[in-house]
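**Student:** Show me the folded form of this:
(one chain, ligands or ions: 1)
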Amino acid sequence: MSNPVIADNKPAKVTLEKGKKYVFCACGRSANQPFCDGSHSGTGITPKPFVAEEDGHAFLCQCKHTGDAPYCDGTHAQFDKDQVGTEGPG
Ligand code: FES
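**Tutor:** Below you'll find the predicted structure:
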């Protein structure tokens, strides 16, 4: 199993629609961050489907190391810009 790629060292601000299902990219390889585009194939990492609980903005994790997926929990602060695009520490 591969480690997630740090897609960015900051979250993505997105607008979610209450009751709508989204599929969060957990592998960091999607070109459609922060959402899944199927790029996890072969990594052993599976995307995380979730349903928005309310209308409005949310900050979704792009470092892929949050402890509260799909939401940013501040963990990205440990990653430098030069780690973006690389596999994290695991
Ligand atoms: S972007 Fe991953 S914890 Fe903030």
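
**Student:** what's across from the nearest residue to Asn3 once chain neighbours are set aside in the sheet?
**Tutor:** Of all residues beyond its chain neighbours, the one nearest Asn3 is Glu87 (4.1 Å), with distances taken as C-beta to C-beta, 6 or more residues apart in numbering. Using the backbone N, CA and C atoms, a C-beta is placed for each residue, glycine as well. Glu87 has these beta-bridge partners by DSSP bridges: Val5.

**Student:** can you count the residues close to Glu87?
**Tutor:** Residues near Glu87, counting by other C-beta atoms under 10 Å, number 14.

**Student:** Then Gly28?
**Tutor:** 28.

**Student:** Then the one 5 residues further on?
**Tutor:** Under the neighbour criterion other C-beta under 10 Å, Gln33 is assigned a count of 19.

**Student:** Correct me if wrong: the residue nearest to Asn3 contacts Pro4.
**Tutor:** Yes - counting by C-beta atoms under 8 Å, Pro4 is a contact partner of Glu87 at 7.0 Å.

**Student:** helix/strand/coil for Phe59?
**Tutor:** Here Phe59 is strand, with the state taken from DSSP: H, G, I helix; E, B strand; the rest coil.

**Student:** Please name the residues that touch it.
**Tutor:** Pro11, Ala12, Lys13, Val14, Tyr71, Cys72 (C-beta atoms under 8 Å, 6 or more residues apart in numbering).
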